[in-house]
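Student: Build the 3D model from these lines:
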Amino acid sequence: MNSSVDAVVVGAGPNGLVAANLLADAGWDVLVLEAEDEPGGAVRSGEYVAPGFVNDRFSSFYPLGAASPALAALDLPAHGLRWTHAPTALAHPLPDGRTVVLNRDVDVTADSLGAFDRGDAAAWRALVDQWNELGPTLMDALLTPFPPVRAGAKLARQLKVHGALSFARFGLLSVRAYGRERFAGEGGPLLIAGNAMHTDLGPEEAGSAIFGWLLAMLGQDVGFPVPVGGAGELTAAMVRRLTSRGGRVRCGTRVEQVLVRDGRAVGVRADGETFTARTVLADVTAPDLYLHLLGPDQVPARLRDDLRRFSWDDATIKIDWALSGPIPWKNPEVVGAGTVHVGGDFDSLSEFAHELAMGRVPRDPFLLLGQMTTADPTRSPAGTESAWAYTHVPARPGGIDGWRDPDLQKRVLAAVDRRMEEYAPGFTDLVINRHVSFPPDLEAENANLVEGAISAGTSGLHQQLVLRPLPGLGRPETHIRGLYLASASAHPGGGVHGAPGANAAHAALRAGTSGRLATAVIRALASGRG
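Tutor: Predicted coordinates for the structure are as follows:
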């Protein structure tokens, strides 16, 4: 069978669905092919832990989504999406009972930091003022294709020369260095370090300060919202919007090959069928696109060599719970928080990150935890809690089959239980059921989560901007005409904001003289002639 469309989008994750919607808006005939039996990629939910409990299969809270121009342009509330918030966006409890909180009310957050050191309340307000001035421009600069000419020029005008140099320096700082410069107490550095660790950056790593600051400021500005009814409702709204414009999503169809003729993508082959198209957008990881979907004769040797050095982010273990009651936190300030950082003081976060850097499974895990019923009462029966936590781990402890070792699995889960009991005594007595996903399980359920890496590549500075996914390939265009990388492996990287998909769609829509020039430059760089 041979089917012909204007564009095939490989993968129905959030980036693929954003790209498909934008192309459909332009009048293109768009077909999305998804290997799994349902769309959404890492944005899915269901009653897979216990009846009546809705748990998010992968991601849950979406500050980047709430601030994303790409998602805002789709007007998803008009297609059934509703956002909701927990009373407090985030809390980070300490073993001694103190807690720092991030609340959409600036005064609440500032007072929380002020309890650690009186002067830090003013320091936080100064950061918020800076964000209010620069935030919208900065988001435009970060989420558009590199280089961000218009947004970058506007940001430079706002910062002026000295401010631009200072901001560039800030972009290279670690959280530990930045925290010492900005705050006298422990609360501010903890907030920023914990948010940085949503990525694979530890508190001592260059660039961790700006990642942590960005997520903390988004939490202060737009909160950590969740879709009413589950993460899958965000996906459902994007699918409804796409189908209303004539686009189609076909699940259970695994793309095996991108078809190339005379240096141009002309379609894909999937499950024995051929789908011809003038444009292919791939919401898959960069290694999957270049090493599997393209034939070896279609990928220059230099590009293949660069791909061998592609850096994944840390692996992840995710645990979903159905709880018979709210989590019994020792500190009541944690009760109303949608997101909780369970990991101790600043030095404990550093020790966790250092063990990861050495390839060891941390003895005392840092947990990123979500209280989903606290954020959205529809997630479970009254008086109960739908909750989850994840922690980062090495991808292959003890070898390629490390996470298949039942003794290692038991040790890690016991460490998670021990950590939860430390901060919420009696927690384990509330567990009705739990569902555990080790790194191989995550990859089995979503091929983009390679070995449990949830960001399709490290957030380290060596793989950002023009270096993402590979040196010289900081744009969605590839060395094949009509083929675009539309996943989180592309700039600007991980997070549910849709920017890689939007950037790829805009590049496809612009494919004229400028598009041919970009492809020619990338082809030269990939082949070693640039």
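Student: can you give me the helices in the stretch 351-500 of the chain?
Tutor: Ranges of helices in the stretch 351-500 of the chain, per DSSP state H, counting those that start in this stretch, are 372-375, 406-423, 439-445, 499-509.
Student: Check the stretch 101-250 of the chain too.
Tutor: Assigned by DSSP H, counting those that start in this stretch, the helices in the stretch 101-250 of the chain fall at 106-114, 118-143, 149-170, 175-182, 187-196, 208-222, 232-244.
Student: Could I get the full set of strands for the stretch 301-450 of the chain?
Tutor: Along the stretch 301-450 of the chain, the stretches classed as strands by DSSP state E, counting those that start in this stretch are 315-323, 337-342, 367-371, 385-393, 431-437.
Student: returning to that earlier point: tell me the most buried of the helices of the stretch 101-250 of the chain?
Tutor: helix 187-196 (a mean of 28; mean count of other C-beta atoms under 10 Å). Heads up, the C-betas are built off the backbone N, CA and C, glycines and all.
Student: Could you give the separation of that helix from the chain centroid?
Tutor: Counting by C-alpha atoms, centre = their mean, to the nearest Å, helix 187-196 is centred 18 Å from the centre of its parent chain.
Student: now swap in stretch 52-70 and tell me
Tutor: Relative to the centre of its chain, stretch 52-70 is centred 10 Å away, using C-alpha atoms, centre = their mean.
Student: Could you tell me the end-to-end distance of it?
Tutor: End-to-end distance for stretch 52-70: 33 Å, by C-alpha to C-alpha, to the nearest Å.
Student: Flag every buried residue along that stretch.
Tutor: Of the residues in stretch 52-70, those buried under the neighbour-count criterion (16 or more other C-beta atoms under 10 Å) are 53-68, 70.
Student: For it, give the mean pLDDT please.
Tutor: Taken as a whole, stretch 52-70 has an average pLDDT of 96.
Student: Hmm, His491 is touching His497, no?
Tutor: No: counting by C-beta atoms under 8 Å, His491 does not reach His497; the two are 11.9 Å apart.
Student: Give me the three-state assignment for the nearest residue to Ala337 once chain neighbours are set aside.
Tutor: In space, and not counting its chain neighbours, Ala337 is closest to Ala91: 3.6 Å by C-beta to C-beta, 6 or more residues apart in numbering. In three-state terms, and counting by DSSP: H, G, I helix; E, B strand; the rest coil, Ala91 is strand.
Student: Out of the helices of the stretch 101-250 of the chain, which gets nearest to Pro476?
Tutor: With C-beta to C-beta, the closest approach to Pro476 among the helices of the stretch 101-250 of the chain belongs to helix 118-143: 12.5 Å.
Student: quick one on the thing from earlier: of the helices of the stretch 101-250 of the chain, which approaches Thr279 most closely?
Tutor: Minimum separation from Thr279 across these (C-beta to C-beta) falls at helix 232-244, 15.9 Å.
Student: Packing partners of the closest one?
Tutor: In terms of contact count using 3 or more C-beta pairs under 8 Å, 6 or more residues apart in numbering; DSSP states H and E, helix 232-244 is assigned the packing partners helix 14-25, strand 45-46, strand 226-227, strand 248-250.
Student: now those as CSV including mean pLDDT and distance to Val361?
Tutor: Written out in CSV, the entries for the helices and strands packed on helix 232-244 read as follows (pLDDT from 0 to 100; distance: least, C-beta to C-beta, whole Å):
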stretch, mean pLDDT, distance to Val361
helix 14-25, 98, 30
strand 45-46, 98, 28
strand 226-227, 98, 30
strand 248-250, 98, 38
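Student: per-domain residue ranges of this protein.
Tutor: Recorded structural domains for the chain (assignment: automatic domain parsing) are 2-37+251-310+455-527, 106-207, 314-452.
Student: In CSV: the ones you listed, plus distance to Arg240.
Tutor: As requested, the domains of the chain are arranged in CSV below (distance: least, C-beta to C-beta, whole Å):
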stretch, distance to Arg240
domain 2-37+251-310+455-527, 10
domain 106-207, 24
domain 314-452, 19
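Student: Buried deepest among these, which one?
Tutor: Burial among the domains of the chain, expressed as mean neighbours by mean count of other C-beta under 10 Å, is greatest for domain 2-37+251-310+455-527, which shows a mean of 21.
Student: In TSV: the helices and strands packed on helix 232-244, plus distance to Trp312.
Tutor: TSV is the format used below for those (distance: least, C-beta to C-beta, whole Å):
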stretch	distance to Trp312
helix 14-25	18
strand 45-46	25
strand 226-227	27
strand 248-250	28
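Student: Give me the below-cutoff pLDDT ranges for the stretch 301-450 of the chain.
Tutor: Scanning the stretch 301-450 of the chain for pLDDT under 70 picks out the ranges 400.
Student: Quick one: end-to-end distance for stretch 253-270.
Tutor: The straight-line separation of the ends of stretch 253-270 (C-alpha to C-alpha) is 6 Å.
Student: List of residues touching it?
Tutor: Residues external to stretch 253-270 that are found in contact with it (C-beta atoms under 8 Å, 6 or more residues apart in numbering): 4, 8, 10, 33-35, 271, 273-280, 282, 289, 293-295, 298, 480-483.
Student: Thanks a lot, catch you later.
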